[in-house]
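Colleague: Have a look; sequence and predicted model below, questions after that.
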Amino acid sequence: MSQVSEGLLEGARHAPVSLRTTDVTMRFGETYAVRDVSLEVAAGEVVSIIGPSGAGKSTFLRCINQLEVPTSGTVQVGDKSVVFGAGPRRDREIADLRRNVGMVFQSFNLFPHLTVLRNIALPQERVLGRTRKDAEARAMALLNRVGLAEKAESYPGKCSGGQQQRVAIARALALDPAVMLFDEPTSALDPEVGAEVLAVMKELAHEGMTMLVVTHEMAFAHDVSDRVVVMVDGSIVEEGDPKTVMESPTHPRTQQFLAAVLGR
Amino acid sequence: MFEYFGYIALGVLGTVGVTFGALAIGTVVGMPLAWLRRSRHAIVRMPAVAVIEVLRGVPNLVWLFLVFFGLPQIGIRLDPWSSAILTLGVASAAHIAEIYRGGLAGLSRGQWEASDALGLSRMDRRRLIVLPQMQRVIVPTMATYAIGLLKDSALASTIGVVELTFRGGVVTQRTGDGLTTFLVVGVVYLLLSLPLALAARRVDSRMRAKFSVG
């Protein structure tokens, strides 16, 4: 997309870092939503998580920034780690973790009572202590880069789904995250509108952001990610470079899943 | 008869005083009550449920009599004004708590999740994200409730609060013309409640034009 010309990461405080999870498990009684998921995403790497519905992909992603509380395991972002299931949760650690991790939701979750500009500026003011002037300048710069400068004063309700999702990406990037999580960012969008969002994500990938993406967009997983991880029943069953995993999968569940979604 | 119009109209002060006094108590006390009512922990939630249901399940007139005629027996003596404002205020808190709860239920979970994912503190999440949206949702219901309360404030006349209805009674006794008197009283109530309803509709549609929630 030609509107995304300048860098999305221009003006960010720090460089993307690595993300590592070790044996992350989330259990309800005897049922495992996520089971012993260990995954490493190197700084600047883009990893897509694919797999059938109900495989625990989103739950795993939400465990990383604590929207779900894992039963056990470790999440490490850069050199900071949080261990779960050992002692009480420490709000300080969780706040630190969230500060470094940006998240984009399937349902956008913009704040409907704030303008697009305020959606992006307010969290900067409250979380990073930026002045309103600085925060809004940064917001405008990002809006320019996602091609939505003219929407700054609109309310989210007046924006299309694709526009809202691009605003949501800008809102997350404005906080200078070191890692970005995407939870099925285009699943609620028409394919052509989803393309606008994917273009921004592709741009972000090229600029070296560390990205972990739960997606049903097989083309994105194939073309943009450095690595693809297949999750089934709460566990990783296969991972590797996109071509190998998606063109000649070895695990039967991967073969079955790809056959279903790719219709072959 | 006309010479009494001024006397009746002055009752507006009493009616408005009781209504807004009670509303002020209700909007403030209703807030923590709503939050307790939403708690995940039954030990916190259940007492809040009990308080709300008991307050709502007994007629306001009975509460008023309990406070004004009952409490003196255990040594708590309140004047009619305090009794009326306090009783209607606390009873309102229960109703308003439920209005708040309905408003909160109307917001999508994603609003809390986005706030958390962005790293907003609980205080900021409540003050900057949840409350402003809840306010928007509850405007129509709150206006309806306020109008109901305005009319309920007439109950205060039964314990001697000199407001509209009370003054109507006084004038009727003096003139014997209950028809004219209470027609006037009724019209005054109408003149108070109509602007409230219109204002609420204006606020509601103006906010609706700007954004919608949910």
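Modeller: That came through, no problem. Numbering: from 1, shown residues only, chains lettered A, B, ... in the order given.
Colleague: Give me the contact status of the helix or strand hosting residue B:115 with chain A.
Modeller: The secondary structure element spanning residue B:115 is helix B:109-118 (assigned by DSSP states H and E). Yes. Residues of helix B:109-118 are located near chain A by C-beta under 8 Å from any C-beta of the partner chain, namely B:110, B:111, B:113, B:114, B:116, B:117, B:118. Bear in mind the C-beta positions are built from the backbone N, C-alpha and C, glycine included.
Colleague: tell me which helix or strand of chain B sits lowest on mean pLDDT?
Modeller: Each helix and strand of chain B was given a mean pLDDT (mean pLDDT, DSSP states H and E); the minimum falls on helix B:178-210 at a mean of 89.
Colleague: Could you list every helix and strand in contact with that helix?
Modeller: Contacts defined by 3 or more C-beta pairs under 8 Å, 6 or more residues apart in numbering or on different chains; DSSP states H and E place helix B:178-210 against helix B:5-37, helix B:131-152, helix B:164-175.
Colleague: Among those helices, which comes closest to chain A?
Modeller: Each of the helices and strands packed on helix B:178-210 was scored for nearness to chain A using C-beta to the nearest C-beta, and the closest is helix B:131-152 (4.9 Å).
Colleague: could you say what helices and strands that closest one packs with?
Modeller: Identification of packing neighbours for helix B:131-152 by 3+ C-beta pairs under 8 Å, 6+ apart yields helix B:5-37, helix B:80-105, helix B:178-210.
Colleague: Any chance you could list what contacts that helix?
Modeller: When contacts are defined by C-beta atoms under 8 Å, 6 or more residues apart in numbering or on different chains, helix B:131-152 is touched by residues A:111-113, B:15, B:19, B:22-23, B:26, B:60, B:88, B:92, B:95-96, B:99-100, B:102-104, B:106-107, B:111, B:189, B:192-193, B:196-197, B:199-201, B:203-204, B:207, B:211, B:213-214.
Colleague: Do a quick rundown of the helices in chain A.
Modeller: Along chain A, the segments classed as helices by DSSP state H run A:57-64, A:91-100, A:116-123, A:132-145, A:161-173, A:191-206, A:218-223, A:242-247, A:252-262.
Colleague: pull the CA atoms of the helix holding residue B:115 into CSV?
Modeller: C-alpha atoms of helix B:109-118 as CSV (Å, rounded to 0.1, in the frame of the first residue of the first chain):
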residue,chain,number,x,y,z
ARG,B,109,-15.5,-7.0,27.5
GLY,B,110,-13.1,-5.8,24.9
GLN,B,111,-13.1,-2.3,26.5
TRP,B,112,-11.6,-3.7,29.7
GLU,B,113,-9.2,-6.0,27.7
ALA,B,114,-8.0,-3.2,25.5
SER,B,115,-7.4,-1.0,28.6
ASP,B,116,-5.5,-3.7,30.2
ALA,B,117,-3.5,-4.6,27.1
LEU,B,118,-2.5,-0.9,26.8
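Colleague: which residues touch the residue nearest to residue A:43 when sequence neighbours are not counted?
Modeller: If the residues on either side of it in the chain are set aside, residue A:43 comes closest to residue A:18, at 4.7 Å by C-beta to C-beta, 6 or more residues apart in numbering or on different chains. Shown here is residue A:18, whose contacts under the criterion C-beta under 8 Å, 6+ apart are A:40, A:41, A:42, A:43, A:45, A:76, A:77, A:78, A:210.
Colleague: any idea how far residue A:18 lies from chain B?
Modeller: Remark: distance between residue A:18 and chain B (C-beta to the nearest C-beta, to the nearest Å) = 20 Å.
Colleague: Now the element after the one helix or strand residue B:52 maps to, going C-ward?
Modeller: Taking DSSP H and E as the definition, one finds residue B:52 inside helix B:42-57. In the C-terminal direction, the helix or strand that comes right after helix B:42-57 (DSSP H and E) is helix B:60-65.
Colleague: Can you report how many residues neighbour residue 90?
Modeller: Using chain A here. For residue A:90, the tally of surrounding residues (other C-beta atoms under 10 Å in any protein chain shown) stands at 11.
Colleague: Let me rephrase: I mean chain B.
Modeller: When neighbours are counted by other C-beta under 10 Å, residue B:90 registers 19.
Colleague: Helix, strand or coil: sort out residue B:73 for me.
Modeller: In the three-state summary, residue B:73 is assigned as helix, counting by DSSP: H, G, I helix; E, B strand; the rest coil.
Colleague: near chain B, which residues of the stretch 101-250 of chain A?
Modeller: Taking C-beta under 8 Å from any C-beta as the contact definition, the stretch 101-250 of chain A meets chain B at A:101-103, A:105, A:107-113, A:122-123, A:126-127, A:155-157, A:171-172, A:175.
Colleague: residues touching the spatially most central residue of chain B, list them.
Modeller: In chain B, the C-alpha nearest the mean C-alpha coordinate belongs to residue B:23, at 3.9 Å (C-alpha atoms, centre = their mean). With contacts defined as C-beta under 8 Å, 6+ apart, residue B:23 is in contact with B:89, B:92, B:146, B:149.
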